[in-house]
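[1] Next one to model:
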Amino acid sequence: MRKSIFLAAFLLLFTILAGCSPEVAETKNNSDSGDSSDKDSFNIGLAISMSGGTALFGEGVKRGVDLAVQDFNDAGGYEGQNANLILYDDEAKPEKSVEIVQKLINQDNIVALVGPANSGNAMAHIQFTQEAKIPEVVPVATGTQITQEYKDTDKNYIFRVAPLDGVQVSAILKELVDKQGLTKLGVIHDTEGYGQGGREDIVKQLKEDYDMEPTVISAFDPKELNLEPSIREMNNAGVEAVIFYGLAPQSAKLLEARFNEGLDAPIYATWATGDPTVLNLVGDLVKGDLFFVQSFTIDQNDVAKKFHERVMDTYGEDVFPIATAQGYDSAKLILDAIKKVGLDSEKIRDQIESFTDFEGVTAIKSTPFTKDNHEAFGIDEVFIATYNDDLQIIAAE
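    Predicted coordinates:
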């Protein structure tokens, strides 16, 4: 009898402990997550970095997507069905991105996808969304090839609401060469994929559009983050402006090097230099002769101001305004398409491509895309920005 009681107690304890055992960590939007087969909802996916070097991009995008889903559901959803956001962290790793995108497609039965932040992750996984005929709207990753990979297919399922690298370079060169008439331009870039791709775009466009070459090019190892030699090279060459291609931590080190060495020329950079991480790392060093490309500032128009106020009211902060705005528009494109054509993924893709009346919070046009162009932002939708005395990002004069 005592053995039976002991055995029953042991089994009960084992069952309780098993039920409390930790599961493999997967980041989901717990407020909206539900069974993929729930007839009262449908799933859209968000595959983006919530950890790793681009986590702040991921957090900003997530907040924007959440707000778009909230708007859609508050308006009644699609024929009474709410949108259910399923979020997985790709950890800024291409192999993880492939894993979670396949899971979203094959297990979670998403009808569309938002993501990622990293170009390498996008290039690793877009074959799976393309093959599954799942429309994907990229809110951050800027690698030029992402939307071009399937441009010659009958239907390209990859769209972007972020300023691609080639457009950012065009905007910078338009400012420096066309507007200011400068001829002595220096380039500083990292030696990894992002910086190497940027250097190629700069050299190519300078040659083809202006019959010019950079006065000096300086590459640096992003792992060492010593940019003082690069600053000295710029000063020794007497450049009139520096074009910088690197991510946020590297941008911060560039500004520290500028402070330590002195630089006789302004710095023009991509939107990565507008990452709030830079401001958090170096504070007031962002002031003065620092310019970068943007597609959104919180004061660019009444729509932007209202959206920023909503983000502040909802979260108490706006951690990365441009990422949140681009995340919102990326999700809204999908959800507005669903309102028009329903839950068939191919029809959603077709509608995203053929919008003529889209209304977003960024500089996105009412007709964002065409069959031959899956980039929401061209050179007319981006602009040069800077920090004001209150350390807010504003359009440069």
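
[2] Could you list the domains of the protein?
    41-163+302-378, 166-294 (automatic domain parsing).

[3] Which one, of the ones you listed, ends up nearest to E397?
    E397 lies closest to domain 166-294 among those, at 10.7 Å (Cβ to Cβ). C-beta: built from backbone N, CA, C; applies to glycine.

[4] so how far is V61 from the one residue sitting closest to the centre of the chain?
    Against the mean C-alpha coordinate of the chain, by Cα atoms, centre = their mean, the closest residue is V140 at 1.5 Å. Noted for V140: a distance of 6 Å to V61, by Cβ to Cβ, to the nearest Å.

[5] Identify the contacts common to these two.
    Counting by Cβ atoms under 8 Å, 6 or more residues apart in numbering, the shared contacts of V140 and V61 are I48, A117, A323, Q326.

[6] export those residues to JSON lines and tack on distance to D209, neighbour count and pLDDT?
    Shown next, in JSON lines, are the shared contacts of V140 and V61 (distance: Cβ to Cβ, whole Å; neighbours: other Cβ atoms under 10 Å; pLDDT from 0 to 100):
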{"residue": "I48", "distance to D209": "33", "neighbour count": "35", "pLDDT": "98"}
{"residue": "A117", "distance to D209": "29", "neighbour count": "30", "pLDDT": "95"}
{"residue": "A323", "distance to D209": "29", "neighbour count": "30", "pLDDT": "97"}
{"residue": "Q326", "distance to D209": "27", "neighbour count": "33", "pLDDT": "97"}
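
[7] And those residues, which is closest to Q205?
    Closest approach between the shared contacts of V140 and V61 and Q205, by Cβ to Cβ: Q326, at 23.6 Å.

[8] surely that closest one meets A141?
    No: the criterion here is Cβ atoms under 8 Å, and Q326 misses it with A141 at 10.8 Å.

[9] hang on, the earlier thing: closest one of the shared contacts of V140 and V61 to K151?
    Proximity of the shared contacts of V140 and V61 to K151 was ranked by Cβ to Cβ; the top entry is Q326 with 21.2 Å.

[10] hang on, that closest one in a helix?
    Yes: secondary structure of Q326 (DSSP: H, G, I helix; E, B strand; the rest coil): part of a helix.

[11] among the domains of the chain, which is the most enclosed?
    The highest mean neighbour count among the domains of the chain, using mean count of other Cβ atoms under 10 Å, belongs to domain 41-163+302-378: a mean of 21.

[12] how about the helices in the stretch 151-300 of the chain?
    For the stretch 151-300 of the chain, the helices defined by DSSP state H, counting those that start in this stretch occupy 165-173, 193-210, 228-237, 248-261, 276-282.

[13] Out of the ones you listed, the one nearest Q107 is which?
    Using Cβ to Cβ, these put helix 193-210 closest to Q107, at 30.2 Å.

[14] gap between the closest one and the chain center?
    Its chain's average C-alpha position is 21 Å from that of helix 193-210, according to Cα atoms, centre = their mean, to the nearest Å.

[15] for L225, what are its contacts?
    With contact set as Cβ under 8 Å, 6+ apart, L225 has these partners: P249, Q250, K253.

[16] measure D71 to A47 for me?
    21 Å.

[17] Find the residue ranges of the stretch 1-150 of the chain scoring beneath the pLDDT cut-off.
    Along the stretch 1-150 of the chain, the parts satisfying pLDDT under 70 run over 1-38.

[18] Please, where are all the strands along it?
    Using DSSP state E, counting those that start in this stretch, the strands found in the stretch 1-150 of the chain span residues 41-48, 82-89, 113-114, 136-138.

[19] Name all residues that make contact with the nearest residue to V203 once chain neighbours are set aside.
    Counting by Cβ to Cβ, 6 or more residues apart in numbering, P214 is the residue found nearest to V203 once chain neighbours are left out, at 6.7 Å. By Cβ under 8 Å, 6+ apart, the contact set of P214 is L185, G186, V187, I202, V203, L206, I243.
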